[in-house]
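In: sequence first, predicted model second:
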Amino acid sequence: MTLQDFFPADLTLLGLQKQYSTIGNDSFLVNSPCVVAQRKILKKGGRYLIFDIPTRTGITIIEILLIDLFVYEGNFNVISEDINSHRLSFISFCLECPECTKYIVDLNYFHERSDEKAIKKYCGDCDNNKKQPLGKGNTEAAEGFLEFDFE
């Protein structure tokens, strides 16, 4: 028996609409704009960041471990443990909202995307395997070390 069994939801319809489905015993496909993860898959035991943006002036970021997830009344609900305080929390996200005030972000995906952007910025036209220099530079050997002089 899973936590979802206690909360009635039309899982067949949500699955057919590709909004929500379980993947095995420990993963969930949650196709919501509030989910920032590779292929929109959230995993039990995974580390995530919760961005809460209630107003345009304030933002709260909490690092969590996902304990469980279930769908109820148009929301997907996350039961999590705060990494810093070890408190359990219940966070509700809109499944079909056009604009989210809360986001759940996979830390691994966040790091991969950051690395990918940095590589593309550095590499430039990577398809031709040409590195783009960051600046014009001259190198000189001095006492066994290379000195770099950028103009």
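Out: Now that the structure is in, tell me what you want to look at. Just so you know, these numbers come straight off a predicted model, no measurement behind them.

In: can you point out the buried residues in the longest helix along the chain?
Out: In the chain, ranked by residue count with DSSP state H as the criterion, the top helix is helix 107-123. By 16 or more other C-beta atoms under 10 Å, the buried positions in helix 107-123 come out as residue 109. Glycine gets a C-beta too; all of them are placed from N, C-alpha and C.

In: what helices and strands are in contact with that helix?
Out: Applying 3 or more C-beta pairs under 8 Å, 6 or more residues apart in numbering; DSSP states H and E, one finds that helix 107-123 contacts strand 47-52.

In: which strands border the strand it packs on, and is each parallel or antiparallel?
Out: With DSSP bridges as the test, strand 47-52 is paired with strand 60-72 (antiparallel), strand 102-106 (antiparallel).

In: right, so the ones you listed: which one is the most enclosed?
Out: Greatest average neighbour count among those goes to strand 102-106 (a mean of 20), per mean count of other C-beta atoms under 10 Å.
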